[in-house]
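Trainee: Quick one, what's the 3D model for this:
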Amino acid sequence: QVQLVESGGGLVQAGGSLRLSCAVSGRTFSGYAVGWFRQAPGKEREFVAAISWSGGSTAYADSVKGRFTISRDNTKATVYLQMDSLKPEDTAVYYCAARGTYIPSLYEDNYRYWGQGTQVTVSS
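Mentor: Prediction:
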């Protein structure tokens, strides 16, 4: 079993920054890709960003491209989401998810393990 725990959420003003962390523990795969997703009130969960096991391949939703940066430190089994120039529409619960392959995916159905989520609120 793999456990994921998100942290770093909070309340920030528009234009501000937050860094989310996703700590992975438990039975680890030889390599796993991680994605970040978010769900705003009344909306479906959507893809935000993903990163391969090596960190050499990343993908972003158009809505966050140029503002968010995904990275990872495999020595700490942690994936980060640096969020800059935050907007009120970024307000959501942010989830990290892991899949037991090296290659990331944009689709939540391809991720087996999920964290509990962390709330991000951006005030205008």
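Trainee: Check the burial of the closest residue to Phe47 other than its chain neighbours by counting its neighbours.
Mentor: Spatial nearest neighbour of Phe47, chain neighbours left out: Leu106 (4.8 Å); criterion: C-beta to C-beta, 6 or more residues apart in numbering. Placement of C-beta: from N, CA and C, glycine included. Leu106 has 15 neighbouring residues, counting by other C-beta atoms under 10 Å.
Trainee: pLDDT weak spots in this protein?
Mentor: Along the chain, segments meeting pLDDT under 70 span 27-30.
Trainee: can you map out the helices along it?
Mentor: Using DSSP state H, the chain contains no helices.
Trainee: From Val5, how far out is the most centrally placed residue in it?
Mentor: By C-alpha atoms, centre = their mean, the chain has its centre lying nearest to Trp36, at 2.5 Å. Distance from Trp36 to Val5, counting by C-beta to C-beta, to the nearest Å: 14 Å.
Trainee: same thing with Lys65?
Mentor: Taken as C-beta to C-beta, the span from Lys65 to Val5 is 26 Å.
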